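K.L.:
Here's a sequence, model it:
(one chain, ligands or ions: 1)
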Amino acid sequence: MRDARPDAPLPFMKMHGAGNDFVILDSRGREAVTTPALAAALGDRHRGVGFDQLAEIRDAEGADFALDFWNSDGSRAGACGNASRCVADHVMAGLGRDNVTFVTERGRLSAVRRADGLVSVNMGAPILDWCGVPLSEEVDLMHLPVAGDPAAVGMGNPHCVFFVPDAEAVDLPRDGAAMERHPLFPKATNVEYASVTGPDRLRMRVWERGAGITLACGSGACATAVAAHLRGLTGRHVTLDLDGGTLEIDWRADGVWMTGPTAHVFDGWLTPAFLAALV
Ligand SMILES: N[C@H](CCC[C@H](N)C(=O)O)C(=O)O
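P.N.:
Predicted coordinates:
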């Protein structure tokens, strides 16, 4: 637990899942500390620590923990699959268990450590109604009225998925940034570009809302696999090759399971002087 003295440094962990990297604050047993200003300052890779998302662990009733997610620009995210797997890995190790339940904005989710050591999270059912994603008008979610014929899927956060002949050829900074702010998505959107590379195998690149290009996006991989299946491109069990590694998606009756690697990079401490300079 955190040292309660006002001059005590604030501990954090740096972890990544398939190269999608996180600062993790463990606020169990105390007040939550993250504000938009703290998230944006820490998220800066030059002035802060640098991350794609910040995840803050909190106490929960009826679950092992609760999780809040923040993007590197200081905005909130309703879901983050890879950070969920990283935190689940850390909490399972601490509890000496191979399964945990946790609460996010999406509701109660669960994670398990598989026999091969990889961590799987059940991200819940995909959101396939326009209000839920959310979109700004009622349209066919599998064929949005947007050039390139993308699909929209909610995983607790919005995703816009383009199926393209060659994901490598996409100009991500230009096209991803433009689509992030498209008026069809009133809360902006994460943007995925995927191409079919084999039976039930996709190559995917991502532009994340509030974070830009990242090496992997777990909820984006879930949304892409769901859209690929609904469009008849794949089965319900899909392997996705991302810039930072491979994620396995299994859309089961009880939700979309996402499996992949986790890595604990280092532990650090935020000094009171750094924290004071933020306000
Ligand atoms: N990297 C995360 C998703 C972050 C989503 C965030 N960029 C948003 O604003 O929704 C993942 O593994 O699911």
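K.L.:
can you pull the pLDDT of Arg5?
P.N.:
Here the pLDDT value assigned to Arg5 is 61.
K.L.:
likewise Gly81?
P.N.:
What the model reports as pLDDT for Gly81 is 98.
K.L.:
Where do the strands of the stretch 151-279 of the chain begin and end?
P.N.:
Assigned strands in the stretch 151-279 of the chain, in chain order: 151-154, 158-163, 190-198, 201-208, 212-214, 237-242, 245-252, 255-260, 263-270 (criterion: DSSP state E, counting those that start in this stretch).
K.L.:
which stretch among these comes nearest the ligand?
P.N.:
Between the ligand and the strands of the stretch 151-279 of the chain, the shortest separation by Cβ to the nearest ligand atom is 3.7 Å, and it involves strand 201-208. C-beta here means a position set from N, CA and C on the backbone, and glycine is covered the same way.
K.L.:
tilt between the closest one and strand 158-163?
P.N.:
140 degrees (axes from the mean of the first three to the mean of the last three Cα atoms, to 10 degrees).
K.L.:
Please look at Ser75 and Thr35 and confirm they touch.
P.N.:
No - checked against Cβ atoms under 8 Å, the pair Ser75 and Thr35 is beyond contact range at 12.0 Å.
K.L.:
how about the helix or strand where Glu56 lies against the ligand, any contact?
P.N.:
Assessed by DSSP states H and E, Glu56 sits inside strand 53-58. Yes - with Cβ under 6 Å from any ligand atom as the measure, strand 53-58 is seen reaching the ligand through Gln53.
K.L.:
quick one: strands adjacent to that strand?
P.N.:
Sheet partners assigned to strand 53-58 using DSSP bridges are listed as strand 20-26 (parallel), strand 65-71 (antiparallel).
K.L.:
Tell me the first helix or strand C-terminal of the first one.
P.N.:
Put plainly, it is strand 20-26. Taking DSSP H and E as the definition, the helix or strand that follows strand 20-26 towards the C-terminus is helix 36-43.
K.L.:
Which positions within that following helix qualify as buried?
P.N.:
By neighbour count, and taking 16 or more other Cβ atoms under 10 Å as the criterion, the buried residues in helix 36-43 are 38-43.
K.L.:
what does that helix contact?
P.N.:
23, 47-51, 54, 70-75, 270, 275, 278-279 (Cβ atoms under 8 Å, 6 or more residues apart in numbering).
K.L.:
Please see if that helix touches the ligand.
P.N.:
No - shown here: helix 36-43 not in contact with the ligand (Cβ under 6 Å from any ligand atom), separated by at least 11.3 Å.
K.L.:
Hey, what's the angle from that helix to strand 263-270? Just curious.
P.N.:
Using the same axes, to 10 degrees, the interaxial angle of helix 36-43 with respect to strand 263-270 works out to 120 degrees.
K.L.:
Please identify which of Ser75 and Thr35 sits among more neighbours.
P.N.:
Set side by side, Ser75 and Thr35 show more neighbours around Ser75, with 16 against 13, by other Cβ atoms under 10 Å.
K.L.:
so how far is the ligand from the residue nearest to the more buried one when sequence neighbours are not counted?
P.N.:
Ranked by Cβ to Cβ, 6 or more residues apart in numbering and with sequence neighbours excluded, the top spatial neighbour of Ser75 is Gly210, at 4.3 Å. When Cβ to the nearest ligand atom, to the nearest Å is the yardstick, Gly210 and the ligand sit 5 Å from each other.
K.L.:
What of Met13?
P.N.:
Counting by Cβ to the nearest ligand atom, the separation of Met13 from the ligand is 16 Å.
K.L.:
With Asp59 instead?
P.N.:
Using Cβ to the nearest ligand atom, Asp59 is found at 23 Å from the ligand.
K.L.:
residues contacting that residue?
P.N.:
Residues touching Asp59, when contacts are defined by Cβ under 8 Å, 6+ apart, comprise 28-29, 65-66.
K.L.:
Got the phi and psi for Lys187?
P.N.:
Main-chain torsions, Lys187, degrees, to the nearest 10: phi -110, psi 20.
K.L.:
That one: neighbouring residues, count only.
P.N.:
Neighbours around Lys187, by other Cβ under 10 Å: 13.
K.L.:
near the ligand, which residues of the chain?
P.N.:
With Cβ under 6 Å from any ligand atom as the criterion, the chain comes near the ligand at residues 20, 52-53, 71, 77, 79-82, 157, 190, 208-211, 214, 217-219.
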